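1. generate coordinates for the sequence data below:
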Amino acid sequence: MKPLIFHNPNCGTSRNTLAIIKASGEEPEVVEYLKTPPTRDYLVELLAKMNLSPRELLRSKEPICKELGLDNASVSDDQLIDAMIAHPILINRPIVVTDKGAALCRPSERVFGLLDTPVSSFTKEDGEVIHHGQP
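-> Numbers count the residues shown, from 1 in each chain. The predicted structure follows:
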């Protein structure tokens, strides 16, 4: 399977992750999830593959998170998932899926572990150089 990235082109971390994938010789399937959000069932499947709770995937910095009261600990996982489907901006990104698994790639160098032949080093947009195999 070719890599799949749930991408937001306005996000530097997402752009860096996509660039690492391409620099590693892969041509991923790019899903701009704000335009084409995952289905509820697929989001639940992704959470399981990433071993994350909905709260761990929630982009809590978004103003709508507070507006909807999602920062309240009493909000259930199902309610969080429903909110993310209704408002995809609440889904943290980028999410990358490959044959090796799925991960929320924050920081972007987390993608190295999902690639068959990751590039040995990469220069991020901000000039930071990262190397495969370093924490």
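
2. return the residue of the protein that is most distant from the centre.
-> Ser74 (24.7 Å; Cα atoms, centre = their mean).

3. what's the distance between that residue and Asp82?
-> For Ser74, the distance to Asp82 equals 15 Å [Cβ to Cβ, to the nearest Å]. C-betas here are computed from N, CA, C, even on glycine.

4. before we move on, what about Ile21?
-> 30 Å.

5. more neighbours: which of these two?
-> The neighbour comparison of Ile21 against Asp82 (other Cβ atoms under 10 Å) goes to Ile21, with 29 against 15.

6. any idea how far Leu68 lies from Glu56?
-> Distance from Leu68 to Glu56, by Cβ to Cβ: 17 Å.

7. neighbour count winner among these two?
-> Remark: of Leu68 and Glu56, Leu68 carries more neighbours, 17 against 13, as counted by other Cβ under 10 Å.

8. pretty sure the more buried one sits against Leu80.
-> No: contact criterion Cβ atoms under 8 Å: Leu68 and Leu80 do not qualify, at 9.7 Å.

9. you'd agree Lys2 is in a helix?
-> No: under DSSP: H, G, I helix; E, B strand; the rest coil, Lys2 falls outside any helix and is assigned coil.

10. find the nearest non-adjacent residue to Pro118, please.
-> Setting aside the residues directly before and after it, Pro118 is nearest to Phe112 in space (Cβ to Cβ, 6 or more residues apart in numbering), at 4.3 Å.

11. double-check the one you found against Ala23; I have them as touching.
-> No: contact criterion Cβ under 8 Å: Phe112 and Ala23 do not qualify, at 10.9 Å.
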